[in-house]
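[1] 3D model of this:
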Amino acid sequence: MPKKVVYSVVLVSFLLFHPPVFADTIIVINELLPMPSSGNDWVELYNPSQNDIDVSGWILDDEGTSSDMLKIPDNTIIAKQSFKLFHVSNRLNKNGDTIYLKNGASEIDKYQYTTSDTDVTFGRYPDGSDNWNTCSPTPESTNSNCEVIVDPNPTPTPQSTTSQTTSSTSGKSKSPSPSTKVSPSPTSKTQNSKTASVLGSSRTQESTKSPVTEINSSASPTPSAESKAEESSNRIKIAGAVAGSGAIIMGLSAGLYFWFRRKSVSEKEESGNN
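    Just a heads-up that it's a prediction; the model follows:
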């Protein structure tokens with residue numbers, strides 16, 4: 001009976017206090033260049049957390065290929081709030097692709113685009129945020145000189161209609177006047193659009209004569225990214241404290257087990273001597 005109690009305590013302690021891993025959910029695909037004028041295509045990863053994260057063995061992959069695009073080498077660590085650049089030969093398709101970041105069987109992040117221009121990157125702005133833009137290339141540096149990707153389905157302006165109704169005065173009736181529709185004037189500019197999608201949702205970027213939002217290169221990561229990093233750090237600390245408590249409980253359980261065993265052996269020896 002004592003052995004069953006000890007085994008139950010050890011099993012429950014292990015299940016309750018085994019520390020979970022939160023760190024691998026922090027790393028994001030931060031910028032990518034599908035069509036460089038020279039050199040190789042590249043993908044930039046960003047660690048917005050307050051902890052260094054080991055990404056050894058993680059996979060960068062693209063859509064529709066049988067082989068992995070890149071397996072990250074051993075001993076690759078991305079320092080806190082830092083960037084890491086990975087060259088991927090010419091694996092990024094020029095007419096659209098989906099890029100995946102995986103840790104084993106877990107999908108950490110992905111980004112989808114449909115067209116690309118020479119020396120134009122797709123990047124998060126600010127770094128690590130949920131907002132994607134087209135930017136000037138900034139490998140292993142803060143994203144800047146970005147242009148907001150425009151919603152491809154803006155709300156249309158309704159047509160205004162002027163109508164007159166039939167009225168009757170002094171026993172006389174008037175015929176209703178025909179409705180007059182005012183159509184919006186055609187636009188005088190022809191725009192070329194290119195489309196990008198973030199995690200399965202599509203957006204369109206105006207590539208000519210569209211307003212450009214200039215970005216300050218000294219901007220810090222978004223509060224949302226910092227909040228996620230702080231939350232992850234707190235979780236890791238809590239997990240460490242819980243793991244320590246679990247180790248203590250497991251030690252006490254093991255000690256209790258050996259004490260019961262020694263007591264049982266002693267009782268058997270005494271009964272044998274008698």
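
[2] secondary structure element for Ile249?
    helix 223-273 (DSSP states H and E).

[3] pLDDT on that helix, on average?
    Averaging pLDDT along helix 223-273 yields 72.

[4] what's the answer for stretch 72-83, then?
    Here the average pLDDT along stretch 72-83 is 96.

[5] Can I get it as CSV, trimmed to CA atoms?
    C-alpha atoms of stretch 72-83 as CSV (Å, rounded to 0.1, in the frame of the first residue of the first chain):
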residue,chain,number,x,y,z
ILE,A,72,18.8,26.4,-39.7
PRO,A,73,22.4,25.3,-38.7
ASP,A,74,23.2,24.0,-35.2
ASN,A,75,24.3,26.5,-32.5
THR,A,76,22.2,29.3,-34.1
ILE,A,77,20.9,31.7,-31.5
ILE,A,78,18.9,34.8,-32.1
ALA,A,79,19.7,37.3,-29.3
LYS,A,80,16.9,39.3,-27.6
GLN,A,81,15.3,42.0,-29.7
SER,A,82,17.6,41.1,-32.6
PHE,A,83,17.5,40.0,-36.2
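
[6] Could I get the full set of helices for this structure?
    2-17, 223-273 (DSSP state H).

[7] how much space is there between Ser271 and Ser264?
    The gap separating Ser271 from Ser264 is 11 Å, by Cβ to Cβ, to the nearest Å. Just so you know, the C-beta spots here come from the backbone N, C-alpha and C atoms, and that holds for glycine as well.

[8] and if you look at Trp58?
    From Trp58 to Ser264 the distance is 50 Å (Cβ to Cβ).

[9] between the two, which one's more packed in?
    Remark: of Trp58 and Ser264, Trp58 carries more neighbours, 21 against 12, as counted by other Cβ atoms under 10 Å.

[10] Report how many residues lie close to the closest residue to the more buried one other than its chain neighbours.
    Nearest residue to Trp58 in three dimensions, chain neighbours excluded: Ile72, at 4.6 Å (Cβ to Cβ, 6 or more residues apart in numbering). When neighbours are counted by other Cβ under 10 Å, Ile72 registers 19.

[11] separation between Ile72 and Val43?
    With Cβ to Cβ as the criterion, Ile72 and Val43 are 11 Å apart.
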